[in-house]
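Visitor: Need the 3D shape of this:
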Amino acid sequence: MSQDALVVHRWSGQRPDVRGLPQGRDVHPVLRETADRQRGVFTANDVRRAGLAPIDVQSALRRGEWDRLRQGVYVERRVLREATARGDDDRHLLDCAAVLLCLGGRPALSHTSAARLSGLLVPASAEQPVVSLTDEAQWRKGRGYTVMRAGLPPVDVRVDGLVRWTGPARTLVDCARDWSLEDAVIAMDAALHDHLLTADELRSAILRQTHWSGIGAAARAAGLASDRAESPLESLGRLRILGSGLPPPELQMDLSGPRGFVGRVDAWYEDAAVAVEFDGRVKYDDPFRGRTAAQVLWDEKRREDAIRDLGVRMVRVVRADLRGGWPDRVRELLRTRPLQRSVHAVPAVLKSRPLGDRPGSPPLLLAHDVA
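Guide: Predicted coordinates for the structure are as follows:
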């Protein structure tokens, strides 16, 4: 709690003189508890129940202790700053909470809003300050939000207290109907890899939206998605391979030689012993296990040399090369066989990426009583 936080007292008949109260104490426990349940936001009615009058709200706003998110919905500036510092997802969550307080519990957070709250990958092109919701009964649009009218079968909806939002499968299908094919496949790959849903759940969500606008694009993206892509670059590279007419490779394969395990490759063609590596900059810009960037580069060179010693032909692709002619190089290698090979390839056992601070499911318990 910041040292300039507003002091809130119970109001029993007379409005307290907030201007004369000592500053630097926590807000009233009732208001604090309510704000915590509502992801940091509170309403004018919540404030009145804590013992303040409208003039006290205006004083808090003037002093910069609170900020108004929407008419009758407020947040402590400290909370707003902390959410903004944590990133766009947490900041958007405050807007979602404020909109839900205004609209009541009927609409469900959906599309990009649900994607961000569920820890799904959202492309930069889809980043919008607008809160997206779906309601079975109405379509409406207001300041900072859009409510789309569509069916919401129970299997598609998650519930936490009075809040509803679409689950990962429904959310991905809704988004894929609007996003580009590449953006949709990247998001589906990441969700499948992180076990946020299964391929069967994704297919079932598509079947429930038969004849909806854009469902063909979503079905195509789901057909191309894989749980074995470990980065957006790998997803994009796989789409480039398929789009070039090359056969689909095996993904994330462990290669071994006579002395045991040598290394893992991103894409693999068994008959031709051809490996494709999609090389992002993260491993060099943000090395782990205490290594320097130079050590990572040296270790990567030694790993590649050891793989090539097994008779493997390698094609390395960086993001800048994605639109280049590297698929022709792969096609050329697939037409030939290595002179000698001593490699054994098996599918790698993959671990899902840690979600870190992704919200996962929005812990919003809202009392819908905006004044």
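Visitor: Run a quick neighbour tally on residue 169.
Guide: 25 (other Cβ atoms under 10 Å). Any C-beta I mention is one placed from the backbone N, CA and C, and that applies to glycine too.
Visitor: Next: the one 5 residues further on.
Guide: In terms of burial, residue 174 registers 26 neighbours under the definition other Cβ under 10 Å.
Visitor: What of residue 230?
Guide: 22.
Visitor: what pLDDT does it get?
Guide: For residue 230, the model assigns a pLDDT of 92.
Visitor: Distance check, it against residue 306.
Guide: According to Cβ to Cβ, to the nearest Å, residue 230 stands 21 Å off from residue 306.
Visitor: again with residue 343
Guide: 11 Å.
Visitor: Among the two, which residue is more densely surrounded?
Guide: A direct count of neighbours by other Cβ under 10 Å for residue 343 and residue 306 places residue 343 higher, at 20 against 15.
Visitor: For the stretch 51-200 of the chain, which segments are assigned as strands?
Guide: Under the criterion DSSP state E, counting those that start in this stretch, the stretch 51-200 of the chain carries strands at the ranges 66-70, 73-76, 108-109, 131-135, 140-142, 145-149, 157-160, 163-166.
Visitor: And the ones you listed: which comes nearest residue 261?
Guide: strand 157-160 (40.6 Å; Cβ to Cβ).
Visitor: what does the average pLDDT come to for the closest one?
Guide: On average, strand 157-160 scores 90.
Visitor: before we move on, what about stretch 246-255?
Guide: For stretch 246-255, the per-residue pLDDT averages 97.
Visitor: Identify each buried residue in that stretch, please.
Guide: Under the neighbour-count criterion of 16 or more other Cβ atoms under 10 Å, stretch 246-255 has 246, 249, 251-255 buried.
Visitor: Quickly check these for the two that are furthest apart.
Guide: Using Cβ to Cβ, the buried residues of stretch 246-255 span at most 22.0 Å, a distance reached by 246 and 254.
Visitor: circling back to that earlier point, anything in contact with each of residue 343 and residue 306?
Guide: 257, 262 (Cβ atoms under 8 Å, 6 or more residues apart in numbering).
Visitor: By mean pLDDT, which helix or strand of the chain comes out lowest?
Guide: One helix or strand of the chain scores below all others by mean pLDDT, DSSP states H and E: helix 282-285, with a mean of 46.
Visitor: got the contact list for stretch 216-235?
Guide: Contacts for stretch 216-235 (Cβ under 8 Å, 6+ apart): 121, 172-173, 176-177, 181-182, 184-186, 188-190, 192-193, 199, 202-203, 206, 209, 238-239, 242, 251-252, 266-267, 278-280, 282, 319, 322, 347, 350, 353.
Visitor: end-to-end on it?
Guide: 20 Å (Cα to Cα, to the nearest Å).
Visitor: What residues sit buried inside it?
Guide: Neighbour counts over stretch 216-235 (16+ other Cβ under 10 Å) mark 217-219, 221-222, 224-235 as buried.
Visitor: just checking, which of the residues you listed belong to helices?
Guide: 217-219, 221-222, 224, 232-235 (DSSP state H).
Visitor: what about residue 296, which helix or strand?
Guide: Taking DSSP states H and E as the criterion, residue 296 maps to helix 293-308.
Visitor: Show me what that helix is packed against.
Guide: strand 260-269, helix 282-285, strand 313-317 (3 or more Cβ pairs under 8 Å, 6 or more residues apart in numbering; DSSP states H and E).
Visitor: would a markdown table of the strands of the stretch 51-200 of the chain with distance to residue 32 and mean neighbour count be doable?
Guide: Below are those laid out as a markdown table (distance: least, Cβ to Cβ, whole Å; neighbours: other Cβ atoms under 10 Å):
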| stretch | distance to residue 32 | mean neighbour count |
| --- | --- | --- |
| strand 66-70 | 13 | 19 |
| strand 73-76 | 9 | 24 |
| strand 108-109 | 24 | 28 |
| strand 131-135 | 25 | 24 |
| strand 140-142 | 29 | 12 |
| strand 145-149 | 27 | 18 |
| strand 157-160 | 20 | 15 |
| strand 163-166 | 20 | 26 |
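Visitor: mind checking which of the helices and strands packed on helix 293-308 is nearest residue 69?
Guide: Comparing the helices and strands packed on helix 293-308 by Cβ to Cβ, helix 282-285 comes nearest, at 34.7 Å.
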